[in-house]
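Visitor: here is my input; please provide its structure:
(chains A, B, C and D)
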2 protein chains.
Amino acid sequence: MVTITDISKACGVSRATVSKALNGAPDIAPKTAERIREQAKALGYLPNATARALKVGRSYNIGVLFSDTTGGGITHEYFSQILESVKAEAERLGYDITFISKDLGAMSMDYYEHAKYRSCDGVVIASADFQDPAIVRLAMSEIPTVTLDYLFDSRTSILSDNVRGMEALVRFVYENGHRKLAFIHGEMTSVTQKRIASFKKTCAALKITVPPEFIRPAVYHDPRSSGLATRALLELPEKPTCIFYPDDLSFLGGMSELERHGISVPKDMSVVGYDGIPLSQVLRPKLTTYRQGATEMGTEAARLLIEQIEHPDTWLPQSIMVEGELLPGSTVRNIG
Amino acid sequence: MVTITDISKACGVSRATVSKALNGAPDIAPKTAERIREQAKALGYLPNATARALKVGRSYNIGVLFSDTTGGGITHEYFSQILESVKAEAERLGYDITFISKDLGAMSMDYYEHAKYRSCDGVVIASADFQDPAIVRLAMSEIPTVTLDYLFDSRTSILSDNVRGMEALVRFVYENGHRKLAFIHGEMTSVTQKRIASFKKTCAALKITVPPEFIRPAVYHDPRSSGLATRALLELPEKPTCIFYPDDLSFLGGMSELERHGISVPKDMSVVGYDGIPLSQVLRPKLTTYRQGATEMGTEAARLLIEQIEHPDTWLPQSIMVEGELLPGSTVRNIG
DNA sequence: ATAATGTACTTAATCGATTAAGTAATCATT
DNA sequence: AATGATTACTTAATCGATTAAGTACATTAT
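Guide: Residues are numbered from 1 along each chain as shown, chains lettered A, B, ... in the order given. Below you'll find the predicted structure:
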């Protein structure tokens, strides 16, 4: 490994001079700096981020914490889109990304300990369970954090506009003449609560009555579970004309179940999804859904986190609401 | 931050003793070690991976390099499955994961430099372009690496069995009576070459003649591109009875195009995909495809990389071929 | 001519942890 | 009792880089 010591020997100057020259300190003669930079290049010198981090107390490394209940982690397109954009923005700003997990090999540590252990300058947190004490500990610690889709008191977060998204879907369906709306929802997270509340509120505002049996629990990203919920809906004496699925992938499970009952979409049943993953727009029929701005969320999360890291003293916690977009598709039939 | 110095003061011993006690060195009296461990816990001590890495020359951090031409990166399910399993296995073995990219903020560096800069103990490489000089430089460097789906001379790799996978698909289709097979393939990577070669070879072995115009180029994971290729096939005077798509997602593009022409799958046209992503099995009709063992590949990649890192002197480069599995689905009609 | 200022370096401490080498005390051996 | 071995530590160097403080010399001001 080529170190500043090698360069200092080659140039006949002290290590301090080399360090300063490479960092553009003002008290180095231009020609000396030039000579040092040339030698550094000639020797193939690369700074050692580890050593620098130790000295300056900044690692230029941010943690990313993606925890879900199912263990699928980043394989969900919504998460992987966020991860990809967090990564891109962080790299643009000179930061690397490390995954934060519970337990590393033999050592048992929680998220906070892991982040400290790796000297992360900050952490982006996406979780299915913000009640998890380990998540809370990290989010409320002295480590700068940005949470996705959840707001901790006096902390920074990026929120997907679930209330507006659900409202847009309900109104779209309403405008297409539907009055019997069923909602299959995911696990009871804060996101789910917002969506259910918005669904009910918008229905109420539109004078739509939603019988309790039209609201059914399922599991996010689990086609099997949404298939079962769909079957339950189909067994009701009074069926809905439109089914809301917890997400785009769950819609596929519902779709299979509908097909099994000889019900065709959108002729006999209208459906909508949620998330607006790219896949949903290449399916036939094209899914009516609400695109969450996953990419924007990731980019904003990285940007805010790094701003917070670099200006800790003047930082004011803030929440950014990222708006999505209704993707009309063709799974909602106009029955006006 | 609590350091070993704080513990040493609290316990009235030297820092060396603390370090040794916490690392289970044999020359520390059991009761001293116990006292030190208690103090460490009481003070909330956490080892500093950065400082340790600097001293011992091992970071317990491995790089992951996912580069593709489209920029979608990890959003493809095949890649994200690999990433997820690499991550899980690495963490199990006590290693963290950092993404390796070209260029970090203002610094312009190539992959090798980035990996050195972050002191990665090794790197898992997945790339769409193994001709890229930056990839070659890293793969052939002194840094331990494991490549996915590509074999560099005298290096370790994990290979998906593309030859056998394609053969299985062709034979399955053949057994269902098909003799006119068209193949829409992805960009000309080494993987693609293997699949094309296996496709042709298996066809030849089965005495199937494949007219050159039945082999059409497209782009991986791009429904639009495979849609265009599908249209071109449909405009031929003599049409195929079965179309092979470069991957499961591309199949969706083809599906739309077929529908647009009033062609129904599998009644009027049989199709097969490749990859076997979970999604493919919840689609209606269920896709006939070949599941690549993405999870196994990721797990093996992490395992071999870490073995190589921990036993560099006795390490023999090796390639592991991960077999997949034919998923029969219902998109191939028996026209026997 | 002398003091003040500026320039271009060097010295040395430091970040947190590890570890080879050294030491003092105890214990065993003959 | 003297020697050797063992135990349980400490000392001090080190990993690679940064940075406050110091220094030598040249330049400018009075």
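
Visitor: quick one: A:S108 from A:L65, how far?
Guide: Distance of A:S108 to A:L65, given as Cβ to Cβ, to the nearest Å: 17 Å. For the C-beta atoms, the positions are set from N, CA and C on the backbone; glycine is no exception.

Visitor: one more: A:T156?
Guide: 15 Å.

Visitor: A:S108 and A:L65: who's more crowded?
Guide: Applying other Cβ atoms under 10 Å in any protein chain shown to A:S108 and A:L65 shows that A:L65 carries more neighbours, namely 24 against 9.

Visitor: A strand includes the more buried one, no?
Guide: Yes. According to DSSP: H, G, I helix; E, B strand; the rest coil, A:L65 belongs to a strand.

Visitor: in contact with it, which residues?
Guide: When contacts are counted by Cβ atoms under 8 Å, 6 or more residues apart in numbering or on different chains, A:L65 touches A:99-101, A:111, A:115, A:123-127, A:135, A:138.

Visitor: show me these that map onto strands.
Guide: Members of those lying in strands (criterion: DSSP state E): A:99, A:123-127.

Visitor: excluding its backbone neighbours, what's nearest the spatially most central residue of chain A?
Guide: In chain A, the centroid-proximal residue (Cα atoms, centre = their mean) is A:I82; its distance is 4.3 Å. Closest residue in space to A:I82, ignoring its immediate chain neighbours: A:G298 at 4.1 Å, by Cβ to Cβ, 6 or more residues apart in numbering or on different chains.

Visitor: what mean pLDDT would you report for the strand or helix carrying that neighbour?
Guide: In the assignment (DSSP states H and E), A:G298 maps to helix A:294-310. Averaged across helix A:294-310, pLDDT comes to 97.

Visitor: check stretch A:60-70 too.
Guide: 88.

Visitor: show me where the stretch 1-150 of chain A dips below the pLDDT cut-off.
Guide: A:69-73 (pLDDT under 70).

Visitor: interface residues of it facing DNA strand C?
Guide: Listed as neighbours of DNA strand C in the stretch 1-150 of chain A under the rule Cβ under 7 Å from any atom of the strand: A:12-17, A:20, A:27-29, A:32, A:51, A:54-55, A:57.

Visitor: which residue ranges form the helices in the stretch 1-150 of chain A?
Guide: With DSSP state H, counting those that start in this stretch as the criterion, the stretch 1-150 of chain A has helices at A:4-11, A:15-22, A:30-43, A:49-56, A:77-92, A:111-117, A:133-139.

Visitor: for those helices, give me TSV that also has distance to B:F152.
Guide: Formatted as TSV, the helices of the stretch 1-150 of chain A follow (distance: least, Cβ to Cβ, whole Å):
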stretch	distance to B:F152
helix A:4-11	29
helix A:15-22	33
helix A:30-43	26
helix A:49-56	26
helix A:77-92	25
helix A:111-117	33
helix A:133-139	40
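
Visitor: who wins for proximity to B:T230 among those helices?
Guide: Comparing those against B:T230 with Cβ to Cβ, the closest turns out to be helix A:77-92 (23.6 Å).

Visitor: hey, C-alpha coordinates of that closest one in PDB?
Guide: This file holds the C-alpha atoms of helix A:77-92, laid out as PDB (Å, rounded to 0.1, in the frame of the first residue of the first chain):
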ATOM      1  CA  GLU A  77     -39.300  -3.000  -6.000                       C
ATOM      2  CA  TYR A  78     -40.500   0.000  -3.900                       C
ATOM      3  CA  PHE A  79     -37.600  -0.500  -1.400                       C
ATOM      4  CA  SER A  80     -35.000  -1.300  -4.100                       C
ATOM      5  CA  GLN A  81     -36.000   1.900  -5.900                       C
ATOM      6  CA  ILE A  82     -35.500   3.900  -2.800                       C
ATOM      7  CA  LEU A  83     -32.200   2.100  -2.100                       C
ATOM      8  CA  GLU A  84     -31.000   2.800  -5.600                       C
ATOM      9  CA  SER A  85     -31.700   6.500  -5.400                       C
ATOM     10  CA  VAL A  86     -30.300   6.900  -1.900                       C
ATOM     11  CA  LYS A  87     -27.200   5.300  -3.200                       C
ATOM     12  CA  ALA A  88     -27.000   7.500  -6.300                       C
ATOM     13  CA  GLU A  89     -27.500  10.700  -4.400                       C
ATOM     14  CA  ALA A  90     -25.100   9.700  -1.600                       C
ATOM     15  CA  GLU A  91     -22.400   8.800  -4.100                       C
ATOM     16  CA  ARG A  92     -22.900  12.100  -5.900                       C
END
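
Visitor: so it versus helix A:294-310, what angle?
Guide: Using axes from the mean of the first three to the mean of the last three Cα atoms, to 10 degrees, one finds that helix A:77-92 and helix A:294-310 are set 40 degrees apart in direction.

Visitor: helices and strands around helix A:77-92, which ones?
Guide: Applying 3 or more Cβ pairs under 8 Å, 6 or more residues apart in numbering or on different chains; DSSP states H and E, one finds that helix A:77-92 makes contact with strand A:61-67, strand A:96-99, strand A:122-127, helix A:294-310.

Visitor: how far is that helix from where the chain is centred?
Guide: 8 Å (Cα atoms, centre = their mean, to the nearest Å).

Visitor: burial count for A:N23?
Guide: 11.

Visitor: one step back: redo the ones in strands among the contacts of A:L65 as a markdown table? Include distance to DNA strand D.
Guide: Converted to a markdown table, these look like this (distance: Cβ to the nearest atom of the strand, whole Å):
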| residue | distance to DNA strand D |
| --- | --- |
| A:F99 | 25 |
| A:V123 | 23 |
| A:V124 | 26 |
| A:I125 | 29 |
| A:A126 | 32 |
| A:S127 | 34 |
